[in-house]
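# Pasting the sequence and the predicted model now:
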Amino acid sequence: MAARGSQQQPLALDSAAYGQASGWRKGEDLIDALPYIDPLTPDIKKQVEALIEEEMRSSAKRPADYLKELPPLPPAKFEGHPLLQAEYERVRARQPMPPLDITRFRLDPPPQTKRGDAAAWRAALENANAQLEHQLNRIANLELLLKFGPNTWRAQSQLSAAAGKQVEAQLTDMRKQIDALNRERKVQQMAAGMELRRLEDEWANAVRKNLEICMACEKLEGEVRMLHEQLPEEERQRLTGEAAAAAAAAAAAGEQQQDGGGGSGEGGGGGGGSNGMANGQHGDGPEPMDE
């Protein structure tokens with residue numbers, strides 16, 4: 001499963017190691033949540049909402065500041081298109097669009113002050129001829145539309161329907177990929193959840209065993225102290241002295257081993273002596289208890 005997933009798409013979140021992100025992703029936190037197995041209790045939900053509200057209150061960023069952290073857009077290419085460049089600059093400067101000039105569509109006679117001016121009437125006549133030609137052009141376009149428009153619109157509708165089907169097919173394929181990826185993530189997270197629960201059980205068992213061992217050791221130490229108190233005073237002092245001598249010899253052997261070189265051999269001899277004392281202590285111990 002892991003090999004097949006590595007060949008297709010990464011199942012983990014695409015993120016750099018914590019503290020190593022660079023560029024516009026620098027400073028982001030590594031999300032290691034397992035949403036398919038992590039329980040979402042009401043308390044955890046309240047904690048998350050409280051953290052979000054606190055971040056929103058303490059943040060001084062404006063909505064426009066978040067856009068500055070994103071990578072820049074590719075430059076617009078308006079070479080050879082002065083109209084597009086001028087319109088882009090107008091929109092960028094937030095200037096209103098100039099109103100449409102409709103004076104050339106009007107058929108006005110010369111004003112009263114120029115009714116006797118031949119040049120004014122000639123200009124009005126030229127405007128009327130232009131308006132007439134424009135209307136004839138519109139009539140011709142309507143006739144062509146009535147003749148060839150239906151088939152053209154049918155072809156355009158078929159192209160639009162084919163494009164729509166292609167986009168729907170891409171959307172369906174993308175949803176299938178998303179479902180497959182989420183399904184594989186769920187399978188891997190469920191398997192990881194079982195492994196985590198097994199490790200938690202092992203940890204709990206180890207802690208419980210350690211507690212049981214500690215309790216057993218305390219019980220044995222209590223029994224040893226009780227038996228030690230039952231010994232005669234002289235025997236108790238002798239055992240205490242032997243234990244102190246054994247502890248001192250063990251400490252000296254440890255110091256010699258830390259010095260290195262020839263001290264290791266001496267440490268071995270000292271260790272043997274301490275072991276002999278310890279064995280002698282254990283060997284002498286039962287005799288007073290038998291008495």
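Perfect, thanks for sending it.
# where exactly do the helices run in this protein?
For the chain, the helices defined by DSSP state H occupy 2-8, 42-58, 63-68, 82-92, 118-230, 233-259, 263-284, 286-290.
# could these go into CSV alongside mean pLDDT, mean neighbour count and distance to A76?
Using the backbone N, CA and C atoms, a C-beta is placed for each residue, glycine as well. Below are the helices of the chain laid out as CSV (pLDDT from 0 to 100; neighbours: other C-beta atoms under 10 Å; distance: least, C-beta to C-beta, whole Å):
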stretch, mean pLDDT, mean neighbour count, distance to A76
helix 2-8, 42, 9, 35
helix 42-58, 90, 9, 34
helix 63-68, 80, 8, 17
helix 82-92, 90, 11, 7
helix 118-230, 93, 11, 25
helix 233-259, 84, 14, 74
helix 263-284, 43, 14, 78
helix 286-290, 42, 10, 97
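# And the pLDDT for the residue of the chain positioned farthest from its centre?
Computed with C-alpha atoms, centre = their mean, the residue of the chain farthest from its C-alpha average is G116, at 82.5 Å. In this model, G116 is scored at 85, pLDDT.
# So what does it look like in phi/psi?
phi -100, psi 10 (degrees, to the nearest 10).
# can you tell me how far it sits from P110?
When distance is defined by C-beta to C-beta, to the nearest Å, G116 is 9 Å away from P110.
# cool, E87 as well?
36 Å.
# which residues touch Q131?
Counting by C-beta atoms under 8 Å, 6 or more residues apart in numbering, Q131 makes contact with F105, L107.
# How much space separates it from R138?
11 Å.
# Same question for P63.
48 Å.
# likewise L146?
Taking C-beta to C-beta, one finds L146 at 13 Å from R138.
# what's the answer for A243, then?
For A243 relative to R138 (C-beta to C-beta), the value is 119 Å.
# next one: T172
For T172, the distance to R138 - C-beta to C-beta - is 45 Å.
# go on, K209?
96 Å.
# likewise N210?
From N210 across to R138, the span is 96 Å (C-beta to C-beta).
# residues in contact with E87?
Not one residue lies near E87 by C-beta under 8 Å, 6+ apart.
# make it 10 Å
The contact partners of E87, by C-beta atoms under 10 Å, 6 or more residues apart in numbering, come to F78, H81, M97.
# Out of these, which one has the lowest pLDDT?
F78 (80).
# Please report the distance of the closest residue to that residue other than its chain neighbours from M97.
Among residues not flanking F78 along the chain, Q85 sits closest, at 4.0 Å (C-beta to C-beta, 6 or more residues apart in numbering). Per C-beta to C-beta, Q85 is found 16 Å from M97.
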